[in-house]
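Trainee: everything below, folded, please.
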Amino acid sequence: MAVRKDGTVSGANGTRMLALDLQDVTKTYRGGVHALRGVSLSVRRGEVYGLLGPNGAGKSTLVKIIMTVVRPTSLRGTVLGQPAGTQAALERVGYLPEHHRFPPYLTGRQVVDFFGAICKVPRAVRRERTERLLELVGMRDWAGRKVTTYSKGMQQRIGIAAALVNDPLLVVLDEPTDGVDPVGRREIRDLLVRLRAEGRSVLVNSHLLGEVEMVADRVAIINQGQRIAEGTIDELTRDSHRYEVDAIVPAGAAGEPGIEIPGASSAPSAAGAPEGTRTWVIRTADAAEVQPAIDRLRAAGATVTRVERARETLEDLFVRSVVDERGRAMPGARGPGERRE
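Mentor: Numbering: from 1, shown residues only. Have a look, this model is predicted:
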């Protein structure tokens, strides 16, 4: 098996495959409750893939199906080139559940070693690997203490180390930064970048959109059991790309108070901006198309104080994707701070 430059893998028979390739995943619970309605997604080798969606969208159900915790109603696809749902498919997969629990009588070091033993990692290998992973997640100094003495964030770190102990090619993390302080979240982001650099694939299910935006190569948004968007953040926000130009327009300047710039629209200036500041929005991703506007402002006697490229944030994209045209949340959506899936 060889990893290609485009992130796919070439198997022994010359076929090409993805780290995760799922098609038409459905799950219907008793009573006709449809948790998943034909979801398809593909995770490339060596990428961080963000799985997003409102509460009750089906994200955690999909993750549990990948890990064979939940049996799907229907499923076609592969995990690391093996049929999804088979033991062979899970041998090189690392998993951090959202609500994990460790035996309270074990220390952090013993937890990681225990999971290595479950994964049939040879004793000598897992002992060396355990120490290295404890150092990697910043828990080596606490490794000899029982997990009952750990904060939630410390337990998350131990959980991530346990998820990596079998040297996985695909790492599935369900809310990895839940309960972790800002410093810890940054360290986990750095770890995800490192895993990607090593050629591993990472599937992250998280409600912290800002965290996902910083590291994800691609994202999928799921709502009401269906995938409603997938792609890079740039691809999904392409229509929102724009440049914002601030300029101070002195009284009496040519064209003041309304300097007209073809193709630009006015916008409220930021709070605290200097007196006389106006803001123009030019909807383009091409910096060359902004230069005539800047020239026109200067020719009119204005002082340009800011030129900034902007686009929708991942949060903007998420809200736009799960709210209908009337501005009302679709069933399953939740407001900020409400309990997630």
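
Trainee: just the pLDDT for V3.
Mentor: Predicted confidence (pLDDT) for V3: 42.

Trainee: how about T8?
Mentor: T8 is assigned a pLDDT of 46 by the prediction.

Trainee: how far off centre is the strand or helix carrying T28?
Mentor: In this assignment (DSSP states H and E), T28 forms part of strand 20-29. Relative to its parent chain, strand 20-29 has a centroid offset of 20 Å by CA atoms, centre = their mean, to the nearest Å.

Trainee: can you tell me the closest non-neighbouring residue to V193?
Mentor: Residue nearest to V193 in three dimensions, not counting chain neighbours: V215, with 6.1 Å by CB to CB, 6 or more residues apart in numbering. (Glycine included, C-beta is placed from N, CA and C.)

Trainee: give me the neighbour count for that neighbour.
Mentor: Other residues lying near V215 total 19 when counted by other CB atoms under 10 Å.

Trainee: re earlier: can you list the strands that the helix or strand following the strand holding T28 pairs with?
Mentor: The first helix or strand that comes after strand 20-29 along the chain, using DSSP H and E, is strand 33-43. Applying DSSP bridges, strand 33-43 is found paired with strand 20-29 (antiparallel).

Trainee: can I get the CA coordinates of the partner strand in CSV?
Mentor: The C-alpha coordinates for strand 20-29 follow below in CSV (Å, rounded to 0.1, in the frame of the first residue of the first chain):
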residue,chain,number,x,y,z
LEU,A,20,-12.6,7.0,4.5
ASP,A,21,-15.1,6.5,1.7
LEU,A,22,-18.7,6.1,2.8
GLN,A,23,-21.7,6.1,0.5
ASP,A,24,-25.5,6.3,1.2
VAL,A,25,-25.2,5.8,5.0
THR,A,26,-28.7,5.5,6.6
LYS,A,27,-29.9,4.8,10.1
THR,A,28,-33.5,4.5,11.1
TYR,A,29,-34.4,3.8,14.7
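
Trainee: which residues does it contact?
Mentor: 34-43, 49, 58, 61-62, 65-66, 70, 72-80, 84, 170, 201, 203, 225 (CB atoms under 8 Å, 6 or more residues apart in numbering).

Trainee: quick check on these: which are buried?
Mentor: With burial judged by 16 or more other CB atoms under 10 Å, the buried subset of the contacts of strand 20-29 is 35-37, 39, 41-43, 49, 58, 61-62, 65-66, 70, 72, 75, 77-80, 84, 170, 201, 203, 225.

Trainee: among those, which are located in strands?
Mentor: 35-37, 39, 41-43, 49, 75, 77-79, 170, 201, 203 (DSSP state E).

Trainee: of these, just say which sits nearest to V249.
Mentor: Y49 (45.9 Å; CB to CB).

Trainee: beta partners for that closest one?
Mentor: Bridge pairing for Y49 - DSSP bridges - gives L203, R218.

Trainee: ok, it to V281 distance?
Mentor: 32 Å (CB to CB, to the nearest Å).

Trainee: equivalent analysis for A162, please.
Mentor: 48 Å.

Trainee: ok, A310 next?
Mentor: Distance from A310 to V281, by CB to CB: 9 Å.

Trainee: the two - which one has more neighbours?
Mentor: Taking other CB under 10 Å, A310 and V281 do not tie; V281 has more neighbours (16 against 12).

Trainee: give the contact list for that one.
Mentor: Applying CB under 8 Å, 6+ apart, the residues contacting V281 are R242, Y243, E244, V245, A264, S265, S266, A267.

Trainee: filter those residues down to just the ones in strands.
Mentor: Reading strands off those with DSSP E, I get R242, Y243, E244, V245, A264, S265, S266, A267.

Trainee: counting neighbours, what do you get for the fourth one?
Mentor: A count of nearby residues for V245, using other CB under 10 Å, gives 23.

Trainee: my guess is it contacts V304. True?
Mentor: Yes - using CB atoms under 8 Å, V245 is in contact with V304, at 6.6 Å.

Trainee: quick check: neighbours shared by these two?
Mentor: Joint contacts of V245 and V304 (CB under 8 Å, 6+ apart) are I294, L297.

Trainee: overlap in contacts of A310 and V281?
Mentor: With CB under 8 Å, 6+ apart, A310 and V281 have common neighbours R242, Y243, E244.

Trainee: can I get the residues you listed in JSON lines with distance to T28 and pLDDT?
Mentor: Below are these laid out as JSON lines (distance: CB to CB, whole Å; pLDDT from 0 to 100):
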{"residue": "R242", "distance to T28": "43", "pLDDT": "91"}
{"residue": "Y243", "distance to T28": "47", "pLDDT": "91"}
{"residue": "E244", "distance to T28": "47", "pLDDT": "91"}
